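Peer 1: here is my input, please return the structure:
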Amino acid sequence: MNLSKKDEDSGDLGVFYHLDKTTVLQEARVFNESPIVPRKCRLLLTKIIYLLYLGEPMATTEATELFFSVTKLFQSKDTALRQMVYLVIKELSTVAEDVIMVTSSLMKDMQPKSEVIYRANAIRALCKIIDASMLPSVERFLKAAIVDKTPSISSSAMVSSYHLFPAGKDVIKRWANEVNEAINSKPSSIVGTASSYLTSFSSSGSSYNSQPSSTSNINQYHALGLIYMIRQHDRMAVTKLIQQLAGSSRGTFGSSSGILRNSFAYCLLIRYAAKILDEDPNSRQQMYDLLEVWLRHKSDIVNFEAAKAICNIKDVTSKELYPAVNVLQLFLSSPKSTLRFAAIRTLNKLAMTQPTAVQSCNLDMENLITDQNRSVATFAITTLLKTGNEASVDRLMKQITGFMSEISDEFKVIVVDAIRSLCLKFPSKQVVMLSFLSGVLRDEGGYEFKRAVVEAIFDLVKFIPESKEAALAHLCEFIEDCEFTKLSVRVLHLLGVEGPKTPTPTKYIRYIYNRVILENSIVRAAAVSALAKFGVSAEDPEVKKSIKVLLTRCLDDNDDEVRDRAILYLKLIDDNESAEKYVKDDSTYSLAALERQLVQYVSNPESSEKPFDLSDIPKITKAQAEAENLKPRSFDLASTQTIGTSSSAVGSINSNIVSTSRDATPTPGVDQQQVYSQQLEQIPEIAAFGPLFKSSIKPVELTESETEYVVSCVKHMFKENMVFQFIVTNTLNDQLLENVTVVMQPESDEGTLVEEFVIPATKLPYDQPSSIYVAFKRTNPEEYTLGSFSNTLKFLVKDCDPSTGEADEGEGYEDEYLVEDIEIVTSDYVFPTYISDFSSAWDSVGEEGQVVETFALTASKSLKDSCTTLIELLGMSPVENSGTPTSSSVHTLMLSGTFLGGIKVLAKNRMTFAPSTGVTMELSVRSPSEEISRIVIGAVV
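Peer 2: Numbers count the residues shown, from 1 in each chain. Here you go, the predicted model:
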């Protein structure tokens, strides 16, 4: 919510509604008055905070003058005023200049003899001002504050340290003992607390001098967060910490006799345990046992956090889920709405992957349908839709209809998604579902809600053929009064694709042509394309003639895009061959690959002597193109940004990526092959090999992520060469590696591969990925070598300062590090390509180069697993939606690819599955060369 927006309808405008920045800055002169009037100054500081909270822009000069005016208020001893001063200093410190000048005043207030309420606030303000270089000067004060007996002081020191950690991690790591002491500190006794509280009233000094002790133990929560940040890269230390803190409470279920007494600290510990469980399979049972114990903790929030952690475990079994689901089921009947909401939302998420485990809660969830909280009711309905049976669908749909108008668009989208999933699960109920979706499509709602409904109807058309005509009829009615251009265009496209396939396609033409008359230019252009698809696909000459008349009328449109499309489609309607190629064919070129090849063609003067060859560009379906754009890339972004321009320039380019973490996630939709190709072209030695044929889909990990040196490898294939790119990360902050190379030794000495050169990484600082390149030449271009290489990392080690990264004086010493082997497999020589008509391509290749083999895969548990394995082994692309079996017993998988050298390769795999024998398959591979076919089929042997 934008806090600067004034809600005039509410009638509550607030005391600062007419506040103006200029007026406030003028009033700041009150800070210079003598004597200081605390009440007037507090009111003015409140106005300043209010303006900053609303995001009022403040110039650097204004902020600096205001900052130093505020610092004059340190002369006052009024406690409430001093607290406001700390708050304003923190807010202005990010805008004003020379704020470091106030450090002495803040450090004075941090002294142990200062009032308690001063110390905590001074620590927070000081840590907002100082940087990493000043941290050692206040280290003594902060370490003392961490172990202070006053919880507010201890918490402020640890929270401030937490925020300073990224900048001063080497200094703060030395405070681990103090943080541990804060975690293990004993609670103040009730008697001591009461005594200090009563003494504070009888004291002759200020009542702030002796505050009552806190009983929340929140400092344990802050201490646990800080100690984890210090040890997060040491899995063994984190595991030991979890065992230490959890072990003391296993018999008492979180009673006061345990080390941890704060519920939030337990929640944090549960999250750390869940992270260890996810990352380390060996500790799964041990961590699960701890989570199960925490299900019986006395605190509801700890119970819920443990149950949620168990539900989020990868590959969790029904047996492991049982205790967590029982706890969540109890929360469903809780009188607290927050607990009901948390439990039902967790069960809703679990029902997406484990619906049978949630079915035991159906009765409790049905009682929540009438819950006063509409959010709880919505989640209850959608969860029941995922876990319910076919008999309960009608009853649930009636209940949903009743409250759809009472919930927000966000929850409407959730309901629609659940209904879509249920309809695909029970196709026989598509009439009821479609009626509901068409009804809500006519209701008021925003774009995201309407888009969700349209997407749901699209899925019904795609996966439930019986619903196609009714669904298209509802969509036709929708575009008659649709306010969203994007949705109109999508519906028109679907009508153009699916309409001609229906028994009576002509009934849709009227709706489409209405859009040509009544809509904006974007929708009109989409309507012209949809009409053309009817004209191209129509077998009745009268229908085709009518379409031509309608398209001819579009030639007078005032938008050039509409006119151009009409002219094009009028030409194509009379040319069946062109219409088949440009209208009916669903395939398209991979735009990323096309761009890459065009750039190479334009930049290479020699290539301009011959025409551009489109046969090397892979073709994919439009569905594949959309999926590729939406699919997040799993390989490491840092690994693609560490490529230099030459052996002398690799180091300089690597130095420019200091800010790139090796755990960064790349942006989706960027073509991986294009990135590699562009970067390899910058290295003259590799650019001489010619165009890149293929790179690994993702780097092959050669070490564990916790080792001293993390190494992964990307394989790049060229026509006669192969390049191995080793991405190396140094995880030791006290070492600097220089002249880092990789020695690769093939397992066989047949001489088919000859090493040409190695481009080393000149320097490898801490946590900065760098690349090393090793290039080999295939001595016989007609021979395709398979095998593995042993790899040894060699480098010069120099000790360095962990805080600055500068190497110590001295020559250092030579060292080496053995990593895992890297293999060259058949799929490295095959680039996946898509073809729209597999049967025609299969017949055109012929049987001359065909090789057929039969295999028995007894270990395969399903046809889907076998398809996934085969696609990975062969490195080819599934075509005509054959990648996902539609039957559990019989399936035919069709694959297409291009072998190194531009050789087309096709594979047809007929497979059957039986629980007793596994998968039996007949694999046929065709290519112009029988030798290539044997190499490809050999990948399965």
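
Peer 1: report the residue ranges of every domain in this structure.
Peer 2: Per the TED database, the domain ranges recorded for the chain read 21-185+217-248+259-268, 389-481, 482-584, 670-824, 829-939.

Peer 1: could you dump these to JSON lines with mean neighbour count and distance to S603?
Peer 2: The way it works is simple: take the backbone N, C-alpha and C, and place the C-beta from them, glycine included. Below are these laid out as JSON lines (neighbours: other CB atoms under 10 Å; distance: least, CB to CB, whole Å):
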{"stretch": "domain 21-185+217-248+259-268", "mean neighbour count": "18", "distance to S603": "42"}
{"stretch": "domain 389-481", "mean neighbour count": "17", "distance to S603": "41"}
{"stretch": "domain 482-584", "mean neighbour count": "17", "distance to S603": "30"}
{"stretch": "domain 670-824", "mean neighbour count": "17", "distance to S603": "8"}
{"stretch": "domain 829-939", "mean neighbour count": "18", "distance to S603": "20"}
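
Peer 1: and of the ones you listed, who's closest to I344?
Peer 2: With CB to CB as the measure, domain 389-481 is the member of those nearest I344 (11.7 Å).

Peer 1: any idea how far apart the tips of the closest one sit?
Peer 2: Chord length of domain 389-481, first to last residue, is 36 Å (CA to CA, to the nearest Å).

Peer 1: likewise for stretch 575-589?
Peer 2: Stretch 575-589 stretches 22 Å from its first residue to its last (CA to CA).

Peer 1: equivalent analysis for stretch 61-81, please.
Peer 2: OK, stretch 61-81 end separation, CA to CA: 24 Å.

Peer 1: to D289, which of the domains of the chain lies closest?
Peer 2: domain 21-185+217-248+259-268 (9.5 Å).

Peer 1: can you redo the domains of the chain as CSV with mean pLDDT?
Peer 2: Converted to CSV, the domains of the chain look like this (pLDDT from 0 to 100):
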stretch, mean pLDDT
domain 21-185+217-248+259-268, 88
domain 389-481, 84
domain 482-584, 86
domain 670-824, 86
domain 829-939, 86
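
Peer 1: format those domains as CSV; extra columns: distance to Y601.
Peer 2: CSV is the format used below for the domains of the chain (distance: least, CB to CB, whole Å):
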stretch, distance to Y601
domain 21-185+217-248+259-268, 46
domain 389-481, 38
domain 482-584, 23
domain 670-824, 9
domain 829-939, 15
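
Peer 1: of the ones you listed, give the one that comes closest to S608.
Peer 2: Across the domains of the chain, closest to S608 is domain 670-824 (CB to CB), at 14.6 Å.

Peer 1: circling back to that earlier point, which one of the domains of the chain lies closest to Q329?
Peer 2: Proximity to Q329 (CB to CB) singles out domain 389-481 among those, at 18.4 Å.

Peer 1: what about the residue nearest to V602 when sequence neighbours are not counted, neighbour count?
Peer 2: Spatial nearest neighbour of V602, excluding adjacent residues (CB to CB, 6 or more residues apart in numbering): S608 at 7.9 Å. S608 has 11 neighbours, counted by other CB atoms under 10 Å.

Peer 1: for P691, see how far away S608 is.
Peer 2: For S608, the distance to P691 (CB to CB, to the nearest Å) stands at 15 Å.

Peer 1: if we can go back for a sec, that's a strand at the residue nearest to V602, yeah?
Peer 2: No - going by DSSP: H, G, I helix; E, B strand; the rest coil, the assignment for S608 is helix, not a strand.

Peer 1: mind telling me what element T94 is part of?
Peer 2: In the assignment (DSSP states H and E), T94 maps to no helix and no strand.

Peer 1: and the residue nearest to it when sequence neighbours are not counted, how close does it get to M365?
Peer 2: Distances taken as CB to CB, 6+ apart place K128 nearest to T94, at 7.9 Å, with adjacent residues excluded. According to CB to CB, K128 stands 47 Å off from M365.

Peer 1: touching, the residue nearest to V602 and L598? I think so.
Peer 2: No - if you go by CB atoms under 8 Å, S608 and L598 don't touch, sitting 12.0 Å apart.

Peer 1: can you pull the contacts of L475?
Peer 2: Each residue near L475 by CB atoms under 8 Å, 6 or more residues apart in numbering is listed here: V454, I457, V491, L494, L495.

Peer 1: helices along the stretch 751-900 of the chain, start to end?
Peer 2: In the stretch 751-900 of the chain, the helices defined using DSSP state H, counting those that start in this stretch lie at 838-845, 863-874.

Peer 1: and F16, which of the ones you listed is closest to it?
Peer 2: Nearest of these to F16, taken as CB to CB: helix 863-874 at 62.0 Å.

Peer 1: CA atoms only: put that closest one into PDB for me.
Peer 2: Once non-C-alpha atoms are left out, helix 863-874 reads as follows in PDB (Å, rounded to 0.1, in the frame of the first residue of the first chain):
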ATOM      1  CA  LEU A 863       7.700 -45.700 -19.500                       C
ATOM      2  CA  LYS A 864       8.100 -42.100 -18.500                       C
ATOM      3  CA  ASP A 865      11.400 -42.900 -16.800                       C
ATOM      4  CA  SER A 866      12.600 -44.700 -19.800                       C
ATOM      5  CA  CYS A 867      11.700 -41.800 -22.100                       C
ATOM      6  CA  THR A 868      13.600 -39.400 -19.900                       C
ATOM      7  CA  THR A 869      16.700 -41.600 -19.700                       C
ATOM      8  CA  LEU A 870      16.700 -42.200 -23.500                       C
ATOM      9  CA  ILE A 871      16.400 -38.500 -24.300                       C
ATOM     10  CA  GLU A 872      19.300 -37.800 -22.000                       C
ATOM     11  CA  LEU A 873      21.500 -40.600 -23.400                       C
ATOM     12  CA  LEU A 874      20.900 -39.700 -27.100                       C
END
